[in-house]
Structure formats: structure tokens, C-alpha cells
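>>> Sequence plus the predicted model coming up.
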Amino acid sequence: MASGPNRVPALLTSSFGERTTRMPAQPQLFPDPPAPPLEPVKHSPAPPPPLEGKPAPLWLQRMSLFVLVLFCVYLGVILVVLPWWPTLWDHNLFLLSHTRLWSVLQLGSVRGFISGLGLLDIWIGISEAVNYRDQRG
């Protein structure tokens, strides 16, 4: 390298492939990236294939179906009835404090949409019960 006023700053390549320059008095702040290993890295052996699992016990399958159907029907009934219950829907302090939300939720079409979601939820619960098949191992 030449010394004096015509000295050209050293060209460096960053880790992103960009070419950058470094002033002559600037220290190197970051270490050089490590050299790639000469030998390929040996990986640990592949994990054993998963064991062919048996399905859950029959009582557990039926209990989970019962809980799912109960949850869907319960939530569906709440969604069907709640928009048309004036004590809880029209005089709700939370909705009254949010006037824009309250004005939208007072529309009959929005109430009907929410009740429709409740009917859909009831339908899902009943169809799960009707189409249930035991998984026996």
C-alpha cells in the first residue's frame, strides 16, 4: 500500500457481500468470519421412525366428542338467544360506552347474522355427533 495523501482506503467485503471501505485509522470492530470446515460435518443418525401409534382409548374418543358437541350446542344457543335478549343486549354498559359499536349492533341484520352464526355452530355440533366413527386399533 502506498503511504501519504494518495493512499487508497482498504476495500473490504462484508458478510452480506457488499464492498465497503475502511478508513486507515479505523480499527476492525468485528472479527473475520470463521473459515468453513474442511471436512463435512457428520450429522447425528436420523431419529427412529415414529411408532405406529394406537388410537386413543374408546372412552376418551367418546368423551372428547361429548365435550365438543356440548360446547358447540351451548355456544350456539347463546349466540342465537343473546342478540334478542333486551336486558343483556340493549342495556349493556360496555356497549353503551362504545356508541359506534352499539349503533351497529342494534341493527336487525347484525343481530340476525350473529344468530345465524349460532345456528351454524349448533349444526356443526350435531353433525359431529351424527358422523362420529370410533377409531379402533
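It's in. Numbering: from 1, shown residues only.
>>> can you list the weak-confidence ranges in this structure?
Scanning the chain for pLDDT under 70 picks out the ranges 1-24, 26, 40-41, 48-52, 137.
>>> quick one: the strands in this protein?
10-13, 19-22 (DSSP state E).
>>> Now the residue positioned nearest the centre of the chain. Nearest residue, chain neighbours left out?
Central residue of the chain (C-alpha atoms, centre = their mean): Leu68, 21.5 Å from the mean position. Nearest residue to Leu68 in three dimensions, chain neighbours excluded: Glu128, at 5.9 Å (C-beta to C-beta, 6 or more residues apart in numbering). All C-beta atoms are positioned from the backbone trio N, CA, C, and that covers glycine.
>>> any idea how far Ser103 is from the one you found?
Using C-beta to C-beta, to the nearest Å, we find Glu128 at a distance of 37 Å from Ser103.
>>> So for these two, which residue has more residues nearby?
Neighbour count, other C-beta atoms under 10 Å: between Glu128 and Ser103, Glu128 has more, with 13 against 10.
>>> For the protein, which segments count as helices?
Under the criterion DSSP state H, the chain contains helices at 58-81, 86-89, 93-97, 99-105, 108-130.
>>> quick revisit: next one: the residue nearest to Leu68 relative to Val67, how far apart?
From Glu128 over to Val67 (counting by C-beta to C-beta), the distance is 11 Å.
>>> residues contacting the residue nearest to Leu68?
For Glu128, the contact set (C-beta atoms under 8 Å, 6 or more residues apart in numbering) comprises Leu65, Leu68, Val69, Cys72.
>>> Kindly report the same for Ser109.
Ser109 neighbours (C-beta under 8 Å, 6+ apart): none.
>>> Put together JSON lines for the contacts of Glu128, with distance to Val81 on each row.
As requested, the contacts of Glu128 are exported to JSON lines (distance: C-beta to C-beta, whole Å):
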{"residue": "Leu65", "distance to Val81": "24"}
{"residue": "Leu68", "distance to Val81": "21"}
{"residue": "Val69", "distance to Val81": "18"}
{"residue": "Cys72", "distance to Val81": "15"}
